[in-house]
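# How does the following fold in three dimensions:
(chains A and B)
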Amino acid sequence: MAKMGLAFRDGFVDADGFRIRYQEAGKGPPLVHLHGAGGLRLTSAHDLLGCAFRVIALEMPGFGAVENQKTQTTADLATTMAAAAEALGISRFNLLGTSFGGTVASWMAVQRRDLVAALVLDAPSAIRPEGSEPVSGSPEEIARRLYAHPERVPPMPAVARALAARRLAIVRRLRGPGRDPMLEERLRGLGMPALVLFGTRDGVIPPAMGRVYIELIPNAHLVFVYDAGHALMVERPVAFTEVVTDFLQRTDAFIISRTKTVIYP
Amino acid sequence: MKVSYFETGRYRAPAEMPATWPMPAAAYDTREGVRVFRGMIERIAIAEKLGFDWVSLSEHHYSPRILTPSPMVAAAYVAARVHTIKIALLGPIISHSNPVRIAEELAMLDTIADGRLVVGLLRGTPNETLTYDLNPQESRERTDEGMELILKAWTEPRPFGWQGRHFRYRTVSVWPRPLQQPHPPTFALGTSREAGEFAARNRIGLGVSYGPFEVMGKVTGYYREQCARHGWEPGPDQLIFRANIILAETDAQAQRAMEVYPARAPFSLPEGVASALLTLDARNIAGEARSASINRALPINFFGSPDTVVDQFRRCREMIGAGVIDLGFNTPGTSDPAALLDALDLFGRTVLPRIRDI
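Numbers count the residues shown, from 1 in each chain, chains lettered A, B, ... in the order given. The predicted structure follows:
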């Protein structure tokens, strides 16, 4: 599908009182990515997305080298991240939010319709069943929760214990209730193209939560990625990128197949 | 114990018919075909009257042995003509077809049959990959994905897209939905580790076939272990065992029937094809590798007089734990519908009432 290993460059941007790290690569319409609870980590899906988009993966304050006690809610965090995109000179972009980043992306989409052209929620955690817990534990335990087939995924890079604890703490502090009536009410009025993806074997957020989003968001599309767990971009990068790219390029018309079935022309 | 009658069509092929699969279409007798489908309804009506719980149908191709390449069409016909017996499709071959289409047709059938449908999801015998030009090395994966997609298509209340490995759909929203909610009783069919794990993970039943009680017991034991791992326990109705039976008034008569029974492989393949398939089509029994069953005759698991057979059912129940036995009488593919009706009648009178409580 694409050559792998796009060269992402590191950068920093000042916004809303934070110094925000980001990684950027690719050419095309801008696509802003907000990472999950595990922090900013590039995957081969980022490389593949970079073939069609200018990918800007932002690191949310508190998930990197510097602590963040200032941000109080995911809605606040969304304000900060929108300011970061604007500070980069991007006035309109596609927004992709993964898991915890999906909650932040949902808030950004409802707050800043002027900025967000289309919204993609990748196994978002804005709507969770009761008792749902963020992923934590040893690298093996984390892999078992994140992936349908941990044995097929290369081991995760080691993360310093203090950093992992800090990320877990900020997720617990900010993630909000499993059902947030204020966010849900505002999602009902969302007018932009929206796509929600879940792995059929997501062990962190049940894929059935996907239904709730498409019941709330007008004209949203729900896509199941077969045989994938929570970390879709890691486990099924090609399948993930194909549908996300097609959706962002054609929005609602992405349901019309362009696959050729001719064998011998 | 519930009992199912496996209906295969009973096409009477002349003895000089070539034996290798696929059978030449030129050998097909159109009038015999008409008799097959008329007879099907008569036999099923008799099975229903005798108290059989289910009639089962299955999918095979390019051969007179089982004349229902579309079990859906056969089931629609049976549903319209026979009114109380449950209709078990054991089953459509999942890797052959568009899984969404299968989900739609099964939902239609369940509605037409007034909620009498039972569904088995099948990978198929090794020869079947040749039918529609599928790669045998992909058949397991296609089947697993197709099964999961069918369950999703039945249960998902809103349109959804599917990014699979073998299947991709941008928007699926099945009408009609099955009458039985959330879906008809459904079984993964097969003895492999993958079939057992799939069934356990998706909380559906398991159907096994033709092996000795001991080996099939290992398979159902593995399935139960996997169910426990997923936090549930299957009941006896969630296990089907399909087997052949030769029943006669006495053991000696059964023995004579056995002697004339043509022990022929169901779908005999030319040697070169068979050996190539054996290297490509990996099979296992509850995780233990075995070679695919190619060019081997099927065993007879139940054999003898009513007393003998009742004892065998008892042992079968203990060793396999299956609450539903799906029976091929006088071996499917052998002829003589009259002898079949005698065997059915004998079974209904002398065996069926005695195995209900097993």
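# Leaving out chain neighbours, which residue sits closest to B:Val215?
Excluding its sequence neighbours, the residue lying closest to B:Val215 (CB to CB, 6 or more residues apart in numbering or on different chains) is B:Ile285, at 6.2 Å. Using the backbone N, CA and C atoms, a C-beta is placed for each residue, glycine as well.
# And for the one you found, the neighbour number?
When counting by other CB atoms under 10 Å in any protein chain shown, one arrives at 19 neighbours for B:Ile285.
# and B:Leu121, how far is that from A:Gly50?
Distance, B:Leu121 to A:Gly50, using CB to CB, to the nearest Å: 40 Å.
# So if I had to pick from these two, which one is more boxed in?
Shown here are B:Leu121 and A:Gly50; by other CB under 10 Å, B:Leu121 has more neighbours (31 against 23).
# So for B:Thr331, what pLDDT did the model give?
B:Thr331 is assigned a predicted lDDT (pLDDT) of 62.
# what's the answer for B:Met17, then?
The model's pLDDT for B:Met17 equals 78.
# count of residues packed around it?
B:Met17, neighbours per other CB under 10 Å, totals 13.
# Could you list the low-confidence segments of the chain?
Unless you meant another one, I'm taking chain A. A:1-4 (pLDDT under 70).
# My question was about chain B, not that one.
Along chain B, the model assigns pLDDT under 70 to residues B:331-335.
# shouldn't the residue nearest to B:Val215 be in contact with B:Gly211?
Yes. Contact criterion CB atoms under 8 Å: B:Ile285 and B:Gly211 qualify, at 7.4 Å.
# The stretch 201-350 of chain B: helices as residue ranges?
B:213-229, B:251-260, B:271-280, B:306-320, B:337-346 (DSSP state H, counting those that start in this stretch).
# is whichever residue of chain A sits closest to chain B in a bridge, and if so with what?
Chain B sits closest to A:Val223 of chain A, with a gap of 3.6 Å, by CB to the nearest CB. A:Val223 has these beta-bridge partners by DSSP bridges: A:Leu197, B:Gly161.
# residue contacts, it?
Taking CB atoms under 8 Å, 6 or more residues apart in numbering or on different chains, we find A:Val223 in contact with A:Leu195, A:Val196, A:Leu197, A:Phe198, A:Val243, B:Phe160, B:Gly161, B:Trp162, B:Gln163, B:Arg170.
# Looking at the residues you listed, spot the one nearest B:Tyr11.
Of all these, B:Tyr11 sits closest to B:Trp162, with 37.8 Å by CB to CB.
# I'd like the distance between B:Ile278 and chain A.
Actually, residue B:278 is Leu rather than Ile. Distance of B:Leu278 to chain A, given as CB to the nearest CB, to the nearest Å: 27 Å.
# residue contacts, that residue?
So B:Leu278 contacts B:Pro126, B:Ser291, B:Ala292, B:Ile294 (CB under 8 Å, 6+ apart).
# Which one (most neighbours) among the residues you listed?
B:Pro126 (23 neighbours).
# Just list the residues touching it, thanks.
Taking CB under 8 Å, 6+ apart as the test, what B:Pro126 contacts is B:Pro136, B:Leu277, B:Leu278, B:Asp281, B:Arg283, B:Ala292, B:Ser293, B:Ile294.
# Same question for A:Gly137.
Contacts for A:Gly137 (CB under 8 Å, 6+ apart) come out as A:Arg145.
# Measure how buried the spatially closest residue to B:Met258 that is not a sequence neighbour is and give me the count.
Closest residue to B:Met258 apart from its sequence neighbours, by CB to CB, 6+ apart: B:Ile246 at 5.9 Å. B:Ile246 has 21 neighbours, counted by other CB under 10 Å.
# mind listing what B:Ile246 touches?
Counted by CB under 8 Å, 6+ apart, B:Ile246 has contacts B:Ala254, B:Ala257, B:Met258, B:Tyr261, B:Ile300, B:Phe302, B:Phe303, B:Gly304, B:Asn330, B:Thr331, B:Ala343.
# hang on, the earlier thing: now for the contacts of B:Pro126: which two are most distant?
Greatest spacing in the contacts of B:Pro126, by CB to CB: B:Pro136 and B:Ser293 (13.6 Å).
# do you know how far the residue nearest to B:Val215 is from chain A?
For B:Ile285, the distance to chain A equals 23 Å [CB to the nearest CB].
# Just want the residue of the stretch 51-200 of chain B that's nearest chain A.
For the stretch 51-200 of chain B, CB to the nearest CB, closest residue to chain A: B:Gly161, 3.6 Å.
# What count of nearby residues applies to that residue?
By other CB under 10 Å, the residues close to B:Gly161 number 21.
# Next to chain A, which bits of the stretch 1-150 of chain B? Give me the list.
Residues of the stretch 1-150 of chain B found near chain A, taking CB under 8 Å from any CB of the partner chain as the criterion, are B:Glu145, B:Glu148, B:Leu149.
# what ranges do the helices span in chain A?
For chain A, applying DSSP state H gives helices covering A:44-49, A:74-87, A:100-111, A:139-146, A:161-174, A:181-187, A:209-216, A:232-235, A:237-250.
# Select, out of those helices, the one closest to B:Tyr222.
Comparing these under CB to CB, the one sitting nearest is helix A:139-146, at 21.7 Å.
# Report the distance from the closest one to the chain centre.
Put simply, helix A:139-146 sits 19 Å off its chain's centre (CA atoms, centre = their mean, to the nearest Å).
# With stretch A:88-98 instead?
That offset, for stretch A:88-98, works out to 12 Å (CA atoms, centre = their mean).
# So what would you say the end-to-end distance of it is?
End-to-end distance for stretch A:88-98, by CA to CA, to the nearest Å: 21 Å.
# So which residues make contact with that stretch?
Contacts of stretch A:88-98 (CB under 8 Å, 6+ apart): A:13, A:22, A:29-36, A:49, A:53, A:56, A:85, A:103-106, A:108-109, A:114-124, A:232-233, A:244, A:248.
# thinking again about what came up before, quick one: which two of the contacts of B:Leu278 are the most distant?
The most widely separated members of these, counting by CB to CB, are B:Pro126 and B:Ser291 (9.7 Å).
# Now do the SS call for the one residue sitting closest to the centre of chain B.
Residue closest to the average C-alpha location in chain B (CA atoms, centre = their mean): B:Leu90, at 3.4 Å. The three-state assignment at B:Leu90 reads strand, by DSSP: H, G, I helix; E, B strand; the rest coil.
# OK, contacts around it?
Contacts of B:Leu90 (CB under 8 Å, 6+ apart): B:6, B:56-58, B:118, B:120, B:122, B:187, B:189, B:207, B:240, B:242, B:326.
# Just the ones in strands from those residues, please.
Cross-referencing the contacts of B:Leu90 against strands under DSSP state E gives B:Phe6, B:Ser56, B:Leu57, B:Val118, B:Gly120, B:Leu122, B:Phe187, B:Leu189, B:Gly207, B:Ile240, B:Arg242, B:Asp326.
# what number of residues lie near the residue nearest to the third one when sequence neighbours are not counted?
Closest residue to B:Leu57 apart from its sequence neighbours, by CB to CB, 6+ apart: B:Pro71 at 4.4 Å. Number of residues near B:Pro71 (other CB under 10 Å) recorded here: 27.
# With B:Arg168 instead?
By other CB under 10 Å, neighbour count at B:Arg168 equals 16.
# gap between the residue lying closest to it once chain neighbours are set aside and A:Ala148?
Excluding its sequence neighbours, the residue lying closest to B:Arg168 (CB to CB, 6+ apart) is B:Trp162, at 6.3 Å. According to CB to CB, B:Trp162 stands 15 Å off from A:Ala148.
# same deal with A:Gly191?
Distance of A:Gly191 to A:Ala148, computed by CB to CB: 34 Å.
# so how far is the first residue of stretch B:158-177 from its last?
End-to-end distance for stretch B:158-177: 12 Å, by CA to CA.
# what about it, distance to the chain center?
Once both centres are worked out by CA atoms, centre = their mean, stretch B:158-177 turns out to sit 26 Å from its chain's centre.
# And for stretch A:225-239?
Its chain's C-alpha centre lies 13 Å from the corresponding centre of stretch A:225-239 when counted by CA atoms, centre = their mean.
# Residues contacting it, please?
Contacts for stretch A:225-239 (CB under 8 Å, 6+ apart): A:1, A:36, A:43-46, A:48, A:98-99, A:122-123, A:135, A:145-149, A:152-153, A:197-205, A:240, A:243, B:145, B:148-149, B:162-165, B:167.
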